[in-house]
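Undergrad: structure of the sequence below:
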Amino acid sequence: MDNENLTISFCKAWNNLDASYLDFCFTHDFVYSSQMVLKDLNGKDEYLKYIKAKFNAIKNGANTVTAELGYYENEPCFILTQTLAIPIRAPFGNPKYESPNHPLVNEINSTVLLKFENGFIKSAIMCTIPGVSYIKRTGVYPK
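TA: Okay, here's the model as predicted:
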């Protein structure tokens, strides 16, 4: 599968909260990391177990997510937007920063950058840097 179609499958998984879109997308040694989490997830099976549980939690919660296809440095990626049922103070509800100087937000955006290898996704990183402003947005939310 080409890089754009792999990315579209990843978006479909998020937009439908259905991990089956990812079954044939990853290398066996796939690595998932996040700038907001200290430990990487190593291996396709570990990530699929994690994402299935995450999708179930989202389905049972009040918040929603959407994935928009984008491009960073001409490579496909996606923007994940979490819409919060109850707004929080930026940055991300951290009590240390809760003050009138920090606005209430009802959306949190993250960039998901992908690395590809031989027709599969080798790694994914959810990040705040580079931010959404660095992504060429398409307005496409694959279903």
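
Undergrad: next secondary structure after the strand or helix carrying residue 123?
TA: Using DSSP states H and E, residue 123 sits within strand 120-127. Past strand 120-127, further along toward the C-terminus, the next helix or strand under DSSP H and E is strand 136-137.

Undergrad: helices and strands around that following strand, which ones?
TA: On a contact count with 3 or more Cβ pairs under 8 Å, 6 or more residues apart in numbering; DSSP states H and E, strand 136-137 meets strand 64-72. Using the backbone N, CA and C atoms, a C-beta is placed for each residue, glycine as well.

Undergrad: quick one: list the elements packing against the helix or strand following the strand it packs on.
TA: Helices and strands here follow DSSP H and E; after strand 64-72, the next one along the chain is strand 75-89. The helices and strands touching strand 75-89, judged by 3+ Cβ pairs under 8 Å, 6+ apart, are helix 3-16, strand 64-72, strand 104-117.

Undergrad: so what strands line up beside strand 75-89?
TA: According to DSSP bridges, strand 75-89 has the following sheet partners: strand 64-72 (antiparallel), strand 104-117 (antiparallel).

Undergrad: so where's this protein uncertain?
TA: The chain contains residues with pLDDT under 70 at 89-102.

Undergrad: please tell me I have it right and residue 68 contacts residue 132.
TA: No - counting by Cβ atoms under 8 Å, residue 68 stays clear of residue 132, with 9.2 Å between them.
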